[in-house]
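Peer 1: give me a 3D structure for the following:
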Amino acid sequence: MPHGGVFLCSSDTIELFDEPPTNVNWMLTEDFVAFAHPSSLSVGTQHGVYVLDPTDKQKCVCVLQKPTIEQMRQHKAIWCHGEEEFVYTDSLYYFNSNIAQRLAEIYRQESDMKCEIDCYGDFMSPLGVCPLPRPVGKENDVNQQSLRIKQKIYDTLLGCHLQVVILHKSSFNHTGTNDEYLDICCGNNETGHEIFDALKLEKHVGCKVFDEGRHDTVDFWHGILPALPHGDTLHHQPSAPDVHGCIIHSFIHPQCRSSKRSLLEYCCIGIPIEIGENTILSNITLLTYTNLHGNILQLPSNLIMQTIPLNAEQYATFAFGFRDNMKAIYKTNDKSLNYFGQTLLTLAKKLHCDVTHLFDDENDQSLWTLKIFPVTTNPNESFEKTLELIRSDDPIISKHQYVSIKEILKRRDISAIIHYRSNLINCT
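Peer 2: Sure thing, here's the model as predicted:
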C-alpha cells in the first residue's frame, strides 16, 4: 500500500492461500483490489460472486450478491474445470485512501446514522464495467435513511476501478455458524483438519485441572486467583482422561467429561460435569450446584450457554439450542415459538408472570427478544438459574429481573469481560 488505504476482511472467516511469487503480479494501487477464491456453486449462493471478463480475469464485469445458481448462469459467472463447475467468490479486499475519504464524507453528512451498511454488498454493487442497478426502494419503506445512504454510496463509488486477484490455491473458511465454529475449533471434518494442519492449532490451549484438595476462594471475575503455579495442563494430566473436546483457557474438574464436538472457553468448572455433543460453554463459573443429583452434572446436548457481566456488578447467563433460529420473528400467539420445547405459557408460569411480559414489544417476538434470563449478583448462581429453566419443570422459587439476549448485549460490561478473561489467561 504505497499511499495508504484500507485492507478489509470479515472477522468470522479464515482465508488460507499459498501463491508462489511468480503469480503475485498485482499492486495495491487501484481504487479497489479484491481477492477471489474458487468456490462451489452452493457456496456462491451465500457470498458475493465476481463476474469476470473471460479474456482478462482481472477485469470485473459486476459483483453479484448472494445470487441463485440460475442468476450465476445468466450472468456467465460459472467456470468449468473438467466436469466441475465453480465460481469466484469474494473475500478480503483493499481500497485506497481516496475511496476512504469519499466514504468518510458520506458518514460526516449522515451524522445521525441509525442503519446498517454492508461493506461487501453495498460497497461492491456499484463496481465493475457493467455494475448492478442502483438501489431503489418503495414509497412505504420504513427506513428511508438506509435507502438514501445506500444510494449515496452507490453514486460515490460508481465508476471506480476494481481489479480482481484470483487466489487459485486457496480456501475461504467461514466460522460464523455454530457448526462451522465447532468444526474448526475441534478439528473436525475436512475443513477442520485443513485449518488445524495449516495453522498448527491445538485442541487444548491454556487449560488446567482443578485441584480438589484446595478449598480457598477462587473468583476470576474479581481477581481472587488460585495459587496454582505448578498446575498440570491437560496434556500431562492423567486424572482428566475423558475430556475430548476443545478447551481454551479454562480450569476444569478432573472428573469432567466432554464429547469430541464440544467447546469450553474461559470457564472455571469446579464440579464434575458431562458435556454432550454440539455444546459451547463460554465465561462459565461453576464451583457449586444446589440440586446436583448423583456424582456428575449432565448437561443436555445441542446447548450454547454464556455468562455475561452486566453493569452494576450483575450477571446474566443466556442459553439457546445449538440450531435455534435467533433471527426468526413470530406473530403474537404463534405456538411454533418455543424454548427447548417449552411454550411461552409454560415459561410464563415458571417465571410467575403473564405471557405479555415476556417481550417488550408484541410486534417483535423472537428468541432474541425473549425476556427469560435471570439477573443475579453471582455468576455461579446466574448459570444455575438459567440451566434450571431448561432442565426443571418446576416454577422458579425466587423472583428475579429477567432480560433478553438483546438487553444483555446493551447492558454488558465489556471491561469486566476483558478483566475476567485476562485473569484466566494469566493463570493458565
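
Peer 1: make it CA atoms for all contacts and neighbour counts henceforth
Peer 2: Fine.

Peer 1: show me what the residue nearest to E180 when sequence neighbours are not counted is bridged to.
Peer 2: Spatial nearest neighbour of E180, chain neighbours left out: H174 (6.7 Å); criterion: CA to CA, 6 or more residues apart in numbering. Beta bridges link H174 to T13, judged by DSSP bridges.

Peer 1: who does Q342 bridge with?
Peer 2: So, taking DSSP bridges as the rule, Q342 has Y339 as bridge partners.

Peer 1: count of residues packed around it?
Peer 2: Residues near Q342, counting by other CA atoms under 10 Å, number 14.

Peer 1: take the helix or strand harbouring Y107, keep the C-alpha atoms, and write them as CSV.
Peer 2: Secondary structure assignment for Y107, by DSSP states H and E: helix 97-109. Provided in CSV are the C-alpha atoms of helix 97-109 (Å, rounded to 0.1, in the frame of the first residue of the first chain):
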residue,chain,number,x,y,z
SER,A,97,-7.2,6.4,0.8
ASN,A,98,-9.1,8.4,-1.8
ILE,A,99,-12.0,6.0,-1.6
ALA,A,100,-11.8,6.0,2.2
GLN,A,101,-12.1,9.9,2.2
ARG,A,102,-15.2,9.7,0.0
LEU,A,103,-16.9,7.2,2.3
ALA,A,104,-15.8,9.3,5.3
GLU,A,105,-17.5,12.3,3.8
ILE,A,106,-20.8,10.4,3.5
TYR,A,107,-20.5,9.5,7.1
ARG,A,108,-20.0,13.2,8.1
GLN,A,109,-23.0,14.1,6.1
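
Peer 1: grab the nearest non-local neighbour of the residue nearest to the spatial centre of the chain.
Peer 2: For the chain, G176 is the residue whose C-alpha lies nearest the centre (CA atoms, centre = their mean; 4.6 Å). Nearest non-adjacent residue to G176, counting by CA to CA, 6+ apart: D12, 5.4 Å away.

Peer 1: buried stuff in whichever strand or helix holds K57?
Peer 2: Using DSSP H and E, K57 sits within strand 56-65. The neighbour-count check on strand 56-65 (16 or more other CA atoms under 10 Å) flags 58-65 as buried.

Peer 1: output the below-cut-off pLDDT ranges for the protein.
Peer 2: For the chain, the stretches flagged by pLDDT under 70 are 1-2, 19-29, 138-142, 212-216, 227-241, 397.

Peer 1: now the helices: where do they sit in it?
Peer 2: Under the criterion DSSP state H, the chain contains helices at 41-44, 69-74, 97-109, 121-124, 144-157, 178-186, 189-199, 344-350, 379-391, 405-411, 414-427.

Peer 1: quick check: the most far-flung residue of the chain relative to its centre vs V61, distance?
Peer 2: Distance from the centre of the chain peaks at T55, with 39.0 Å (CA atoms, centre = their mean). For T55, the distance to V61 (CA to CA, to the nearest Å) stands at 12 Å.

Peer 1: which residues does L286 bridge with?
Peer 2: I269.

Peer 1: G270 is in contact with that one, correct?
Peer 2: Yes - the criterion here is CA atoms under 8 Å, and L286 meets it with G270 at 6.0 Å.

Peer 1: list the buried residues of stretch 151-161.
Peer 2: For stretch 151-161, using 16+ other CA under 10 Å, the buried residues are 151-154, 156-158, 161.

Peer 1: now it, how far from the centre of its chain.
Peer 2: The chain centroid and the centroid of stretch 151-161 are separated by 30 Å under CA atoms, centre = their mean, to the nearest Å.

Peer 1: hmm, who's touching the helix holding Y107?
Peer 2: Identification of contacts with helix 97-109 by CA atoms under 8 Å, 6 or more residues apart in numbering yields 3-6, 31, 113, 149, 152-153, 156-157.

Peer 1: now swap in stretch 272-283 and tell me
Peer 2: So stretch 272-283 is contacted by 179, 182, 253-268, 295-308, 322, 421 (CA under 8 Å, 6+ apart).

Peer 1: that one: end-to-end distance?
Peer 2: End-to-end distance (CA to CA), stretch 272-283: 17 Å.

Peer 1: how far off centre is stretch 385-402?
Peer 2: 27 Å.

Peer 1: which parts of that stretch are buried?
Peer 2: 385-387, 389-390, 402.

Peer 1: cool, stretch 408-423 as well?
Peer 2: Applying 16+ other CA under 10 Å to stretch 408-423 flags 408, 411-413, 416-417, 420-423 as buried.

Peer 1: excluding residues flanking it in the chain, which one is nearest V63?
Peer 2: In space, V63 is closest to Y50, 4.7 Å off (CA to CA, 6+ apart).

Peer 1: so who does the one you found touch?
Peer 2: 36, 60-64, 77, 87-90.

Peer 1: just give me the closest of these to N143.
Peer 2: L64 (23.6 Å; CA to CA).

Peer 1: got the contact list for that closest one?
Peer 2: 48-51, 72, 125, 132.

Peer 1: what residues are bridge-paired with it?
Peer 2: The partner residues for L64, given DSSP bridges, come to V49.

Peer 1: now do it against K371, distance only.
Peer 2: Relative to K371, and taking CA to CA, L64 is found at 39 Å.

Peer 1: and for K66?
Peer 2: For K66 relative to K371 (CA to CA), the value is 33 Å.

Peer 1: was I right about G270 contacting H253?
Peer 2: Yes - between G270 and H253 a contact is recorded at 5.1 Å, counting by CA under 8 Å.

Peer 1: now do the shared contacts for those two.
Peer 2: Common neighbours of G270 and H253 (CA under 8 Å, 6+ apart) are F210.

Peer 1: circling back: out of the contacts of stretch 272-283, which are buried?
Peer 2: Buried among these (16+ other CA under 10 Å): 182, 253-268, 297-308, 322, 421.
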